[in-house]
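Asks: based on what follows, work out the 3D shape:
(one chain, ligands or ions: 1)
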Amino acid sequence: MQKKVIIIGSGNAALCAGISALEQGAEVLMLEKAPEAQAGGNSRYTAGAMRFVYHSNDELLPLLSNPDDERISHTEFGIYTAEKFGEDLMGFNDGQPLSLHQKILINKSYDTMRWLASHNVKFDPIYSRQTFEKDGKYIFWGGLTLEANGEGVGLVDAELAEFQRLGGIIQYECEALELLTENGKVIGVTCDTPHGEYEIEADAVVLGCGGFEANPELRKKYMGENWVQSKVRGTPHNMGAGIEMATQIGAQFYGNPGGCHAVPMDLNMPNYGNLDIPYIDRKNYRKICYFLGVMLNANGERFVDEGINFRNYTYAQFGRAILNQPNGFAWQIFDKKVEHLLYGEYRFWDASFVEADTLEGLVTKLEGVNPKQALATLQAYNSAVDTSVKFDPTILDRKSTKGLSLNKTNWANTFDSPPFKAYPVTCGITFTYGGLKVDERAAVLDGNDAPIEGLFACGELVGGVFYHGYPGGSGLTSGAVFGRIAGASAGQV
Ligand SMILES: Cc1cc2nc3c(=O)[nH]c(=O)nc-3n(C[C@H](O)[C@H](O)[C@H](O)COP(=O)(O)OP(=O)(O)OC[C@H]3O[C@@H](n4cnc5c(N)ncnc54)[C@H](O)[C@@H]3O)c2cc1C
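Replies: Numbering: from 1, shown residues only. Sure, this is the predicted structure:
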């Protein structure tokens, strides 16, 4: 008999689960809390960048929307091995070995990209942010190579089109409130719609309805008081409902409850992401080129090694580092030499910045900052730069400072080319890392590690995939990998 599957949420993870359940021959109903114009969750806000294992250009070509792009013949894509993906994740595990979920993410990453491509979801090389040009070639760095054609909006639109082409039905303005159970098995959900509350029964339910990053109360509960003041980069709809509904029926909360992806954002950005703001503007509030300069806090001091690694490996942690500074803000400082390397977001019409022809003049314009200490920090930094090493942003160039209590390990240039520019930044939370525990079938586990019959989960609300940090582009891949597994499992109950 045809199985009935309910999928909650309509972002990347939910849509992958939906497509996968449809492949099993199930009847699939997707419930989305937001109206149609705001559906697609955080996935729509993304750049669509996806991290996955690959060993050659040939493995990339079948994924591309335009494999005949003339740039491809003079591009060095490099390779990204399972070992390197593992090392990158382990780098944020605080000494813990790779979790089961991380191993699944790595091992299924390429196969899942091929599966997406087979479902008309195609990708483009990320020339604008992941390459530097050197000797007439585009050189990719940081293991992150492709983004969905049309970025996050293109990804969700392509997945939704495929979901509907295969027969999936989506209902907007339908908020899942509670899981219905019978003898410990999940048999459906209660939901709230503009026409009132009602129950829908199913053979299986897949939770793909995001983390709790947009819920200040849950942020305070799991992450601490200061997270109440964080800005939210994405959808206002991810209030942790999936995690709450599942834990109410005995599911285990798992992973690092205080862990999250949070990045430096323009201090004056809106408090939430908002799809009414044009897509390009939403993206442009981000400010992640700190590796080309330094960051100063209110005391006028540096507080992180801005060049400790490629920015893919630091940007998701540096939002937290900024939030932890006095009054939760910082200023990013650059000089003219590196201006052409700053991402387009620094040239955004609404970007907040100040500029001056001298460092002395600049520090007086840094609102909220101790100017005397700021100048002393910049001068000490300038004196500590190793000028014998050549600056090269395509590699970890080891052009560092020497002798500071907090050195900058790579890309340390002296501030000597006016005008000097400074950008005020704060913390924007992207998504949370703690969530539900699932097994290798993406079945949600209870407090005794036993699967809760009929309940599966995927995407942001799965805990144990990321702990203390995140190699950029892994969130969408995780959603696709676990979404595909969850949908297949739900379609076979
Ligand atoms: C600005 C930004 C840029 C990003 N860039 C990237 C990137 O380039 N690469 C990358 O890998 N990751 C990126 N991320 C992270 C990425 O967005 C997430 O990892 C991923 O999109 C999560 O997908 P998801 O399907 O789990 O959740 P979402 O896409 O957030 O979908 C959850 C859905 O559930 C719905 N929902 C919530 N509660 C309910 C309820 N009770 N009932 C019904 N529906 C409900 C929400 O409305 C939403 O539509 C970015 C995030 C942001 C905010």
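Asks: burial of Arg129, as a residue count?
Replies: Look at Arg129: counted by other Cβ atoms under 10 Å, it has 17 neighbours. All C-beta atoms are positioned from the backbone trio N, CA, C, and that covers glycine.
Asks: which non-adjacent residue is nearest it?
Replies: Tyr343 (6.4 Å; Cβ to Cβ, 6 or more residues apart in numbering).
Asks: again, but for Ala17
Replies: Nearest to Ala17 is Gly487, by Cβ to Cβ, 6+ apart, at 3.6 Å.
Asks: pretty sure the one you found is in a helix, no?
Replies: Yes - under DSSP: H, G, I helix; E, B strand; the rest coil, Gly487 sits within a helix.
Asks: right, and it touches Ala21 too?
Replies: Yes - counting by Cβ atoms under 8 Å, Gly487 does reach Ala21; the two are 3.9 Å apart.
Asks: what do the two both touch?
Replies: Val5, Ile7, Val28, Val206 (Cβ atoms under 8 Å, 6 or more residues apart in numbering).
Asks: now, which of these sits nearest the ligand?
Replies: Distance to the ligand across the shared contacts of Gly487 and Ala21 (Cβ to the nearest ligand atom) is lowest for Ile7, with 9.3 Å.
Asks: count the residues that sit near the closest residue to Asn57 other than its chain neighbours.
Replies: Among residues not flanking Asn57 along the chain, Phe77 sits closest, at 5.6 Å (Cβ to Cβ, 6+ apart). Residue crowding around Phe77 was assessed by other Cβ under 10 Å; the count is 19.
Asks: ok so, going back, next up, the contacts around the residue nearest to Arg129.
Replies: Ser128, Arg129, Ile288, Cys289.
Asks: Gly483 too?
Replies: Asn12, Ala13, Ala14, Leu15, Cys16, Ala17, Ser20, Val206, Gly208, Cys458, Gly459.
Asks: pretty sure the last one is touching Val206, no?
Replies: No - Gly459 sits out of contact with Val206 when judged by Cβ under 8 Å, with a separation of 9.6 Å.
Asks: quick check: neighbours shared by those two?
Replies: Ala14, Gly483.
Asks: just checking, what's the longest strand in the protein?
Replies: strand 420-432 (DSSP state E).
Asks: what's the average pLDDT for it?
Replies: For strand 420-432, mean pLDDT rounds to 97.
Asks: cool, stretch 388-407 as well?
Replies: Per-residue scores along stretch 388-407 average to 96.
Asks: and it, what's buried?
Replies: Buried residues in stretch 388-407, counted by 16 or more other Cβ atoms under 10 Å: Phe391, Pro393, Asp397, Lys399, Ser400, Thr401, Leu404, Asn407.
Asks: separation between the residue nearest to Ala17 and Met223?
Replies: According to Cβ to Cβ, to the nearest Å, Gly487 and Met223 sit 30 Å apart.
Asks: contacts only, for Glu32.
Replies: Counting by Cβ under 8 Å, 6+ apart, Glu32 touches Gly9, Ser10, Ala39, Ile170, Gln171, Tyr172, Glu173, Cys174.
Asks: which of those residues count as buried?
Replies: Gly9, Ser10, Ala39, Ile170, Tyr172, Glu173, Cys174.
Asks: quick one: contacts for the residue nearest to Asn57?
Replies: Tyr54, Asn57, Leu60, Pro125, Phe140, Thr145.
Asks: what's the answer for Gly259, then?
Replies: Residues near Gly259 by Cβ under 8 Å, 6+ apart: Thr432, Tyr433, Gly434, Phe466, Tyr467, His468.
Asks: mind redoing it with 6 Å?
Replies: Tyr433, Tyr467, His468 (Cβ atoms under 6 Å, 6 or more residues apart in numbering).
Asks: picking that back up, name the nearest of the buried residues of stretch 388-407 relative to Asp157.
Replies: Proximity of those to Asp157 (Cβ to Cβ) peaks at Pro393, which lies at 33.3 Å.
Asks: how about that closest one, secondary structure?
Replies: Classification of Pro393 by three-state DSSP places it in coil.
Asks: excluding chain neighbours, what is closest to it?
Replies: Nearest to Pro393 is Phe132, by Cβ to Cβ, 6+ apart, at 5.5 Å.
Asks: element containing that neighbour?
Replies: strand 131-134 (DSSP states H and E).
Asks: chain center to that strand: distance?
Replies: Taking Cα atoms, centre = their mean, to the nearest Å, one finds strand 131-134 lying 24 Å from the centre of the chain it belongs to.
Asks: so which residues make contact with it?
Replies: Tyr138, Ile139, Phe140, Pro393, Thr394.
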